[in-house]
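1. 3D, please:
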Amino acid sequence: MLLDTASLYFRAYFGVPDTVRAPDGTPVNAVRGLLDFITRLVQDHHPDDLVACMDADWRPHWRVELIPSYKAHRVAVETGDGVPDEEEVPDTLAPQVPVIEAVLDALGIARVGVAGYEADDVIGTLAAASPGPVDIVTGDRDLFQLVDDKRGVRVLYPRKGVGDCDAIDEDLIRTKYGVRADQYADFAALRGDASDGLPGVKGIGEKTAAQLITEYGDLAGVRAAAEDRTSRLTPAKRRGIVEAAAYLDVAPKVVRVALDVPLPAFDPALPAEALHPETVDELAQRWGLGSSLTRLLATLGR
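-> Residues are numbered from 1 along each chain as shown. As a prediction, the model looks like this:
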């Protein structure tokens, strides 16, 4: 089981009231919400291995070089000098992230991030290397590109907050989006994604992108059809695709997750008990983690 950790703690932050606080009044809604979510996931799916995948770089320079608008609207501070830009994060969430990291480390839940890569890339690399099955837990549709029924790779997509998840398989992607899972990245590049600063192709929305990818097979086929005057593309679609050539040259590399991230050595096994119990106790008292932590510890011990 691979957790898109930032995606999940953002959902926890917005899904759990900020009245959930530590003894000193500091909000811990994201911390407790994430712990509750992990408990629920372990209870429901019984993974042997669990990895909390982290954004060591939420906006990698190599992606920004290709498409400068990539996540640009979410930059709080531009740092430069090869240091990752600071992401715009709610004031009461940012201080909770180090607490989340400390709790996961004390529990012994593997936490993996790699400089220059997003959690998506860590997830892609681990999923590609695993013999399967793999459950990817994320609220990010970009990871639908990794779904593979033959290898047992699916996405668990939270419906709302940190409650139940929809199990995303190839059939559901085909039904909802009209494309195969292995076409999803090309479909997403063509459609664009305002939330990630990807403009897509002017005049081509989700439905049209799906139709084009289905008819021509992949993005290369769509572009070839745009250059072929005998194809059935309308003049407007043809013009839009041709004029977006510079974007389409680089978009696939930005949208596709990396599958070859150089990962550090780590133990993915789900712990049966806390790795550092004294530290867990200290964190529980300091941050008032109460039943959220005791339930997770009890679940790990089953």
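2. For the most far-flung residue of the chain relative to its centre, give its distance to Asp148.
-> Distance from the C-alpha centroid of the chain peaks at Thr230, with 40.1 Å (C-alpha atoms, centre = their mean). For Thr230, the distance to Asp148 equals 35 Å [C-beta to C-beta, to the nearest Å]. All C-beta atoms are positioned from the backbone trio N, CA, C, and that covers glycine.
3. Kindly report the same for Gly217.
-> Looking at Gly217 against Asp148, where the rule is C-beta to C-beta, the gap reads 18 Å.
4. more crowded one of those two?
-> Asp148 (18 against 15; other C-beta atoms under 10 Å).
5. Going by neighbour count, which residues of whichever strand or helix holds Ser7 are buried?
-> When elements are assigned from DSSP states H and E, Ser7 belongs to helix 5-15. Buried residues in helix 5-15, counted by 16 or more other C-beta atoms under 10 Å: 5-13, 15.
6. again with stretch 172-186
-> Within stretch 172-186, the residues that qualify as buried by neighbour count (16+ other C-beta under 10 Å) are 172-174, 177-181, 183-186.
7. Show me what it is in contact with.
-> Stretch 172-186 has contacts (C-beta atoms under 8 Å, 6 or more residues apart in numbering) with 142, 144-148, 166, 170, 187, 206-207, 210-211, 213-214, 217-219, 222, 252, 255-256.
8. hmm, which of the residues you listed are the buried ones?
-> Neighbour counting by 16+ other C-beta under 10 Å classes 142, 144-148, 170, 187, 210, 213, 218-219, 222, 252, 255-256 among these as buried.
9. what comes into contact with stretch 153-171?
-> Stretch 153-171 has contacts (C-beta under 8 Å, 6+ apart) with 8, 11-12, 14-16, 33-34, 36-37, 40-41, 45, 127, 130, 132-139, 141, 143-144, 146-149, 172, 180-181.
10. Quick one: find the helix or strand in this structure with the lowest mean pLDDT.
-> For the chain, using mean pLDDT, DSSP states H and E, the weakest element among its helices and strands is strand 75-77, scoring a mean of 82.
11. hey, where'd the helices end up in the stretch 1-150 of the chain?
-> Along the stretch 1-150 of the chain, the segments classed as helices by DSSP state H, counting those that start in this stretch run 5-15, 29-45, 61-66, 96-107, 119-129.
12. likewise the stretch 151-300 of the chain?
-> Taking DSSP H, counting those that start in this stretch as the test, the helices found in the stretch 151-300 of the chain are 170-177, 184-191, 206-216, 219-227, 235-243, 245-255, 277-287, 290-300.
13. With mean pLDDT added, can I get the ones you listed in a markdown table?
-> Below are the helices of the stretch 151-300 of the chain laid out as a markdown table (pLDDT from 0 to 100):
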| stretch | mean pLDDT |
| --- | --- |
| helix 170-177 | 97 |
| helix 184-191 | 97 |
| helix 206-216 | 97 |
| helix 219-227 | 97 |
| helix 235-243 | 96 |
| helix 245-255 | 97 |
| helix 277-287 | 98 |
| helix 290-300 | 97 |
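14. would you list these in JSON lines and tack on distance to Val261?
-> Rendered in JSON lines, the data for those read as follows (distance: least, C-beta to C-beta, whole Å):
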{"stretch": "helix 170-177", "distance to Val261": "24"}
{"stretch": "helix 184-191", "distance to Val261": "17"}
{"stretch": "helix 206-216", "distance to Val261": "27"}
{"stretch": "helix 219-227", "distance to Val261": "23"}
{"stretch": "helix 235-243", "distance to Val261": "31"}
{"stretch": "helix 245-255", "distance to Val261": "14"}
{"stretch": "helix 277-287", "distance to Val261": "29"}
{"stretch": "helix 290-300", "distance to Val261": "27"}
